[in-house]
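Asks: structure for the following, please:
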Amino acid sequence: EGALDQISMLRQMLVNGIHGEINIALSDVFNGWDQISSAYTQTHFIFASLPDPSLPGIWQTADLTSTKQFLPLNYQDMASLYSLITSGNAEACIVLLDQCAERMKDMDVEVARHIFNQIRDLLAYVRLENPVLLKDLSLAKFDPKQGIAPLQDSITEICARLSVEKEDALKRYADSVLEYVNEHIYDKNLYLQNAADHFGISAPTLQKLMRIGTQTTFASYIEEKRLSHAFDLLLANHSVSDVSNECGFASVNTFYKAFRRKYGIPPQKASKEV
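Replies: This is a model prediction of the structure:
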């Protein structure tokens, strides 16, 4: 009672300050910071369910005639939906929206409109984040008969475009890694970790990018390129030690073993076998 009186006084001060009316929604009492989302969701439900939005006052769930007290899509769900959309996971998005649609079956039209607009605003935000990729994407308007179904089509389209863009970006990144490796292919200091440090990524991530660009591992790609070049130099009668050094092998012994493993002959016999 005392707290409500204080809120009433605060509301009146705000009304006097802005020379206009203010609606205040009060959630139930929640315990713990992890329930902030539920409290915030409940206040939105109250605003969406007001019997007369033009009538100012302080509103609580007890003032509403509706038996529903929570929106079928809370802010944790919205955060999950955003994450799923931006990662291009259309299937998981549809599962989440289907669950939401099921909970919306007995909802009032205005509550359903509120949920629809929440999701639509989220999609509009994603569109703003990707103006070039999604500039021609249109978003449906609310239709009580269709509910949130039209937005599922929009989400599927957004996920498809973002997935393609993500793959293209990954391919471009892989190409830049491969370009760097090729530029330093005969450098003895070219190691997986050094290359990863150059791009500011982890060694496993660089290994993944190399597989995208070459369908093989970092070490296998470098060894193959070096041995191919080494074979050409040996055919031109370069010495084994010079070839080993020029091609970036750590030592003549390392070169000898790699060459024999690939070609089945020692390096010094390469020119004689051809």
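
Asks: all helices for the stretch 151-274 of the chain, in order.
Replies: Secondary structure of the stretch 151-274 of the chain (DSSP state H, counting those that start in this stretch): helices located at 192-199, 203-214, 218-235, 240-246, 252-263, 270-273.

Asks: pLDDT score for the most centrally placed residue in the chain?
Replies: Ranked by distance to the mean C-alpha position of the chain (CA atoms, centre = their mean), the top residue is residue 87 at 3.7 Å. For residue 87, the model assigns a pLDDT of 92.

Asks: what's near enough to touch it?
Replies: By CB atoms under 8 Å, 6 or more residues apart in numbering, residue 87 lies in contact with residue 162. All C-beta spots, glycine's among them, are computed from the backbone N, C-alpha and C.

Asks: any idea how far residue 165 is from it?
Replies: Here residue 87 is placed at a distance of 12 Å from residue 165 (CB to CB, to the nearest Å).

Asks: please report how far the residue nearest to the centre of the chain lies from residue 80.
Replies: Relative to residue 80, and taking CB to CB, residue 87 is found at 11 Å.

Asks: ditto for residue 109
Replies: In terms of CB to CB, residue 109 sits 26 Å off from residue 80.

Asks: got it, and residue 225?
Replies: 45 Å.

Asks: circling back: higher neighbour count, residue 109 and residue 80?
Replies: residue 80 (15 against 10; other CB atoms under 10 Å).

Asks: looking at it, the more buried one is touching residue 96, isn't it?
Replies: Yes: using CB atoms under 8 Å, residue 80 is in contact with residue 96, at 6.6 Å.

Asks: which of the helices of the stretch 151-274 of the chain sits closest to residue 59?
Replies: Closest approach to residue 59 among those (CB to CB): helix 203-214, 51.2 Å.

Asks: hang on, residue 59 in a strand?
Replies: Yes: counting by DSSP: H, G, I helix; E, B strand; the rest coil, residue 59 falls inside a strand.

Asks: let me know the pLDDT of it.
Replies: pLDDT for residue 59: 77.

Asks: which residues of this protein score low on pLDDT?
Replies: Under the criterion pLDDT under 70, the flagged ranges of the chain are 1-2, 34-35, 37-38, 41, 45, 48-49, 51-55, 61-62, 64-71, 271-274.
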